[in-house]
Structure formats: structure tokens, C-alpha cells
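Q: Turn this into a model:
(one chain, ligands or ions: 1)
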Amino acid sequence: MAAQRRGARTKLFDGAFLHRLPLYQPGDIPRTAEERELLDAFRQADGLIIATPAYHGGVSGVVKNAIDLIEETARDERVYLSGRAVGLIVTAYGWQATGATLSSLRSIVHSLRGWPSPLGAGLNATGGLFDTEGRPKDERIGATLAAIAGEVVQFARWSRLGAEATSTAELP
Ligand SMILES: Cc1cc2nc3c(=O)[nH]c(=O)nc-3n(C[C@H](O)[C@H](O)[C@H](O)COP(=O)(O)O)c2cc1C
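A: Numbers count the residues shown, from 1 in each chain. Okay, the predicted model is just below:
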């Protein structure tokens, strides 16, 4: 919602969707409807926000499985997550796994040639993060998530401006 307020068109892939993805298998094999839908979104996106719970000190398997699907873009002109800002959010029942998982998620985004947002959210979920209507219980959580959305949308605009400037400069 914070990204939408900044003018972005957004698409959410929630836990229920990610659970329907098969385990990623590389190779020239038929992809399920869910895999194709997610791949289309990866390819079209000007920016992404990835949120994961910390499981045993790292990115949860379901989220990592979805990220692994990006391998299918290895031969695209816009390979992996290149040119895209990626906002990162981690929840955990404490601070130790939050920091470790955020750091690991940044490495994953770097290996996919994406630009992790400068601000990452490490949220301690021990006391619950959101009320029954989905509003953050602590306004600092809302402010952090809004700031990350702002960074991703701002980077997407810069990236587009840069692309336009390049193509204009190439005109005879
Ligand atoms: C399999 C599993 C492993 C987990 N491992 C950790 C962990 O290593 N460190 C931690 O702080 N929390 C851990 N948690 C707690 C999750 O991070 C937490 O459930 C998640 O952030 C979402 O919070 P919620 O369950 O209150 O929605 C684990 C939870 C599960 C189910």
C-alpha cells in the first residue's frame, strides 16, 4: 500500500500463492501456471519487495524457492534482477535471526544483480506486528515499511529516467 501511495502499480504474491509453487527444477521443462505468473511478474517489475520470516537463522524455504525461479531469466536481455531495486523485510522471534537473515537476503539480491534497498526492515514479531485489520501495532514499523517502499519506487523512477536519457542520447 505504501508503494501504491507513491504511484506504483503493485502485485502481491502471498504465502498461500508461494506454497503452490513446485520445488524449483532448472532446465527446459514445462512450467506451472503459478510459475509462469510469477516469472511474468519478475520480468515486468520495475522494483520488488521481498518479505520473509527467519527460519532457523535464514530465508524461509518457500521464499527461497520462489527466488530460485528467477534463474529462468538467466538468458533474458534484462537478466535476473538487474536494474531493479529490491526492498527487504525480515520478521523473526528475536533480533539475532533478523540480522543474519537480512544480511543473507542482501547477498541473494546481489547475486541476482539487483540493488537491495539501503534501508532493510528487521522486525521482531514476538509481540505481534499487525492488528486484526492489518495495521502496524507500532507506528515505527509503518514508517520503516513506508520508507522502504519509497526507496524502491524512487529507484524505479531514476532507473526509467536513466533509460530514457540513454535512448535519447543514442538518437542521431
Ligand atoms: C520452522 C521455523 C523456524 C523458525 N526459526 C526461527 C529462528 O531461527 N529465529 C527466530 O527468531 N525465529 C524463528 N522462527 C519464528 C519465525 O521467524 C516467525 O514465526 C515469523 O517471523 C513470523 O511470525 P508469526 O509466526 O508471529 O507470524 C521460526 C519459525 C518456524 C516455523
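Q: what about the residue lying closest to Ala74 once chain neighbours are set aside, neighbour count?
A: Residue nearest to Ala74 in three dimensions, not counting chain neighbours: Tyr80, with 6.9 Å by C-beta to C-beta, 6 or more residues apart in numbering. Placement of C-beta: from N, CA and C, glycine included. Look at Tyr80: counted by other C-beta atoms under 10 Å, it has 18 neighbours.
Q: Assign Tyr80 to helix, strand or coil.
A: Here Tyr80 is recorded as coil under DSSP: H, G, I helix; E, B strand; the rest coil.
Q: if I pick it, what's in contact with it?
A: Counting by C-beta atoms under 8 Å, 6 or more residues apart in numbering, Tyr80 touches 70, 73-74, 112-114.
Q: switch the cut-off to 6 Å
A: For Tyr80, the contact set (C-beta atoms under 6 Å, 6 or more residues apart in numbering) comprises 70, 73, 112-113.
Q: want to throw those residues into TSV with pLDDT and distance to Asp14?
A: Shown next, in TSV, are those (pLDDT from 0 to 100; distance: C-beta to C-beta, whole Å):
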residue	pLDDT	distance to Asp14
Ile70	98	18
Thr73	98	22
Leu112	98	21
Arg113	97	26
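Q: Which residue ranges of the protein form strands?
A: Along the chain, the segments classed as strands by DSSP state E run 47-55, 58-59, 85-92, 115-116, 121-124.
Q: Can you tell me which residues in the chain are near the ligand?
A: Contact residues, the chain versus the ligand (C-beta under 6 Å from any ligand atom): 53-57, 91-94, 97, 125.
Q: Out of the residues you listed, which end up buried?
A: Buried by 16 or more other C-beta atoms under 10 Å: 53-54, 91-92, 97, out of these.
Q: what would those residues look like in CSV with pLDDT?
A: Shown next, in CSV, are those (pLDDT from 0 to 100):
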residue, pLDDT
Pro53, 98
Ala54, 98
Thr91, 98
Ala92, 98
Ala97, 97
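Q: Among these, which one sits closest to Ala33?
A: Nearest to Ala33, judged by C-beta to C-beta, of these is Pro53 at 25.7 Å.
Q: give me the low-pLDDT residue ranges for this structure?
A: 166-172 (pLDDT under 70).
Q: And the helices in it, which stretches?
A: Listed in chain order, the helices of the chain (DSSP state H) span residues 2-5, 15-19, 33-44, 61-68, 96-111, 139-169.
Q: So for Gly87, which of those sits nearest?
A: helix 139-169 (4.1 Å).
Q: okay, the angle between that closest one and strand 47-55?
A: Computed by axes from the mean of the first three to the mean of the last three C-alpha atoms, to 10 degrees, the angle separating helix 139-169 from strand 47-55 equals 140 degrees.
Q: Cheers, nothing more for now.
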